[in-house]
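Novice: let me see the structure of the following:
(one chain, ligands or ions: 2)
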Amino acid sequence: MFARYKFHRLLLTGAAGGLGRVLRLRLRPFAEVVRLSDVAEMAAAEGSFEEVMACDLADKNAVHALVEGCDAIVHMGGISVERPFEEVLQANIAGVVNVYEAARRHGVQRVVFASSNHVTGFYKQTEKLDAHVRRRPDSFYGLSKSFGEDVASFYFDRYGIETVSMRIGTSVPAPSDRRMLSTWLSYDDLVQLIGRGLFTPNVGHTVVYGASANRDGWWDNHAAAHLGYMPQDSSEPWRSQVEALTAPAANAPIALYQGGVFTACGPFGDESGATA
Ligand code: NAI
Ligand code: 15L
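Specialist: Ligands and ions are numbered 1, 2, ... in the order given. I've put the predicted structure just below:
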């Protein structure tokens with residue numbers, strides 16, 4: 001679909017992670033060279049189309065070196081669950097600023113940012129949202145993604161760097177609980193969305209929810225229609241299997257809020273030691 005467009009060098013952060021490992025080869029059609037980066041150990045490059053550079057996103061100088069020579073960035077790296085603020089601060093908050101500062105300095109014009117449904121996680125599962133609703137982050141993690149979206153907005157307004165922020169639902173091989181019947185994003189649809197995010201002209205800063213065409217989805221992407229994202233998959237084939245499992249209590253966070261269990265994590269570091 002995007003084969004006639006190509007970047008010379010595309011940076012993928014978070015390349016050793018769950019989605020990074022999936023994307024690694026699937027981004028190959030989008031660039032002559034994919035530069036893979038993570039703070040964690042990762043396998044050596046597959047061939048001349050890949051290069052590996054270890055980097056801690058919290059290390060400003062290292063991120064500048066990482067971004068130099070890249071034409072676009074798919075920013076998947078960072079903490080992907082709820083953690084104490086100090087950890088989120090380094091990887092996700094300092095990390096996203098470092099990525100955009102490096103993009104500015106090295107002339108990168110396009111970023112696809114892995115935001116999250118946890119930016120709006122405190123909405124009820126009975127509510128339908130579009131990208132313009134007031135954000136209701138459900139965690140330090142959700143706050144960091146909300147901050148990342150604001151950084152993307154600022155770097156477009158101030159420096160013209162364009163971003164598509166994907167509020168990803170749940171991107172795993174298959175939905176395995178009732179909430180995921182609404183939030184699931186197949187890997188194929190994720191790749192399509194990243195391609196749209198990289199190659200659609202004039203996106204400014206666009207926020208799009210990353211979900212497949214799920215029957216009971218909560219998110220309306222009309223505000224991102226210009227991306228032409230058309231999910232091809234759906235959680236429906238897994239419905240009977242998932243609905244055969246014991247249902248959670250109706251007032252349990254996983255059944256009540258879009259952000260599920262993230263709405264009940266923490267607090268961290270209290271004398272009680274409670275971490276839910
Ligand atoms: P993951 O946790 O498997 O991968 C994240 C990667 O980032 C890891 O390999 C980790 O080592 C790396 N990382 C963490 N801190 C770092 C640092 N300071 N410097 C450099 N690298 C660092 O997460 P996953 O599932 O692959 O998600 C990828 C991205 O997509 C994350 O940003 C996550 O927040 C976002 N996302 C994922 C969803 C999903 O369903 N998988 C849903 C919503 C958002
Ligand atoms: C996320 O943002 C997480 O990174 C992922 O691990 C899942 O928990 C997902 O959201 C979700 O909401 O299911």
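Novice: now do the end-to-end distance for stretch 223-238.
Specialist: 29 Å (C-alpha to C-alpha, to the nearest Å).
Novice: only the buried residues of it, if you could.
Specialist: Neighbour-count burial for stretch 223-238 flags Ala224, Leu227, Tyr229, Pro231, Asp233, Ser234, Ser235, Trp238 (criterion: 16 or more other C-beta atoms under 10 Å). All C-beta atoms are positioned from the backbone trio N, CA, C, and that covers glycine.
Novice: out of the residues you listed, flag the one nearest to ligand 2.
Specialist: Nearest to ligand 2 out of the buried residues of stretch 223-238 is Ser235 (C-beta to the nearest ligand atom; 12.3 Å).
Novice: in the protein, which spans are helices?
Specialist: Using DSSP state H, the helices of the chain run over 18-26, 60-67, 85-88, 95-106, 140-159, 178-183, 187-199, 239-243, 253-256.
Novice: do the third one and ligand 1 meet?
Specialist: By that I understand helix 85-88. No - Helix 85-88 does not reach ligand 1 (C-beta under 6 Å from any ligand atom); its nearest approach is 8.4 Å.
Novice: list the buried residues for that helix?
Specialist: Buried positions in helix 85-88, judged by neighbour count with 16+ other C-beta under 10 Å: Glu87, Val88.
Novice: report the rounded mean pLDDT for that helix.
Specialist: For helix 85-88, the mean per-residue pLDDT is 98.
Novice: who are the packing partners of that helix?
Specialist: Judged by 3 or more C-beta pairs under 8 Å, 6 or more residues apart in numbering; DSSP states H and E, the packing partners of helix 85-88 are helix 140-159.
Novice: again with the last one
Specialist: When contacts are defined as 3+ C-beta pairs under 8 Å, 6+ apart, helix 253-256 packs onto helix 178-183.
Novice: give me the mean pLDDT for the helix it packs on.
Specialist: On average, helix 178-183 scores 98.
Novice: now it, how far from the chain's geometric center?
Specialist: 17 Å (C-alpha atoms, centre = their mean, to the nearest Å).
Novice: what about it, near ligand 2?
Specialist: Yes - for helix 178-183, a contact with ligand 2 is found by C-beta under 6 Å from any ligand atom, at Thr183.
Novice: tell me what that helix is packed against?
Specialist: So helix 178-183, by 3+ C-beta pairs under 8 Å, 6+ apart, packs with helix 239-243, helix 253-256.
Novice: one step back: if we compare the helices of the chain, which one ends up closest to Asn117?
Specialist: Of all those, helix 178-183 sits nearest to Asn117, with 6.2 Å by C-beta to C-beta.
Novice: contacts for the closest one next, please.
Specialist: Helix 178-183 is contacted from outside by 117, 125, 169-170, 172, 175, 211, 214-218, 235, 238-239, 242-243, 245, 247-248, 254-255, 258, 260, using C-beta atoms under 8 Å, 6 or more residues apart in numbering.
Novice: around ligand 2, pick out the residues from the stretch 1-150 of the chain.
Specialist: Proximity of the stretch 1-150 of the chain to ligand 2 is confined to Ser80, Val81, Ser116, Asn117, His118 under the rule C-beta under 6 Å from any ligand atom.
Novice: what about 5 Å?
Specialist: Taking C-beta under 5 Å from any ligand atom, the part of the stretch 1-150 of the chain that reaches ligand 2 is made up of Ser80, Ser116.
Novice: show me what residue of the stretch 1-150 of the chain gets nearest to ligand 1.
Specialist: For the stretch 1-150 of the chain, C-beta to the nearest ligand atom, closest residue to ligand 1: Gly17, 2.0 Å.
Novice: right, and Ile79 touches Ala91 too?
Specialist: Yes - in this structure, Ile79 is within contact of Ala91 by C-beta atoms under 8 Å, at 4.7 Å.
Novice: just the pLDDT for the residue in the stretch 151-276 of the chain that ligand 2 sits nearest to.
Specialist: Taking C-beta to the nearest ligand atom, ligand 2 has its nearest neighbour within the stretch 151-276 of the chain at Thr170, 3.4 Å off. For Thr170, the model assigns a pLDDT of 99.
Novice: ditto for the one 4 residues further on
Specialist: Reading off the confidence values, Ala174 has pLDDT 98.
Novice: which residue is the nearest non-sequential neighbour of it?
Specialist: Trp238 (5.7 Å; C-beta to C-beta, 6 or more residues apart in numbering).
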